[in-house]
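[1] got a sequence here, can you model it:
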Amino acid sequence: MKSIKLKVSGMHCHGCVSSVKEALLSTKGINSADVDISNDTATVEFVENDLSIEKLVSVIENSGYKAEPMFG
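    Numbers count the residues shown, from 1 in each chain. Okay, here's the model as predicted:
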């Protein structure tokens, strides 16, 4: 299990948060997703063998938002 925090741009309301969270949680290999509009972040716990960081970014971007990993 691995956890990563992603910066998510373009969220303006709690409906946006729900869209991002639903897209993440419907992806095989993601165990949990916490999306925070106040920090424009998504913290995702996933099975590293099933998913890459690029795939996580792609899932968010396919739901209409911009995403990038936060390191450090």
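
[2] check which helices and strands the helix or strand harbouring I60 is in contact with.
    I60 belongs to helix 53-62 when assigned by DSSP states H and E. Contact partners of helix 53-62 among helices and strands, from 3 or more CB pairs under 8 Å, 6 or more residues apart in numbering; DSSP states H and E: strand 2-9, helix 14-25, strand 41-46, strand 66-70. The way it works is simple: take the backbone N, C-alpha and C, and place the C-beta from them, glycine included.

[3] got a list of what the residue most central in space within the chain touches?
    The residue lying closest to the centre of the chain (CA atoms, centre = their mean) is A42, at 4.7 Å. The neighbourhood of A42, defined by CB atoms under 8 Å, 6 or more residues apart in numbering, consists of K5, L6, V8, V20, K21, L24, A33, D34, V35, D36, I60, A67.

[4] buried only: go through these for me.
    Among these, those scoring as buried are K5, L6, V8, V20, K21, L24, A33, V35, I60, A67 (criterion: 16 or more other CB atoms under 10 Å).
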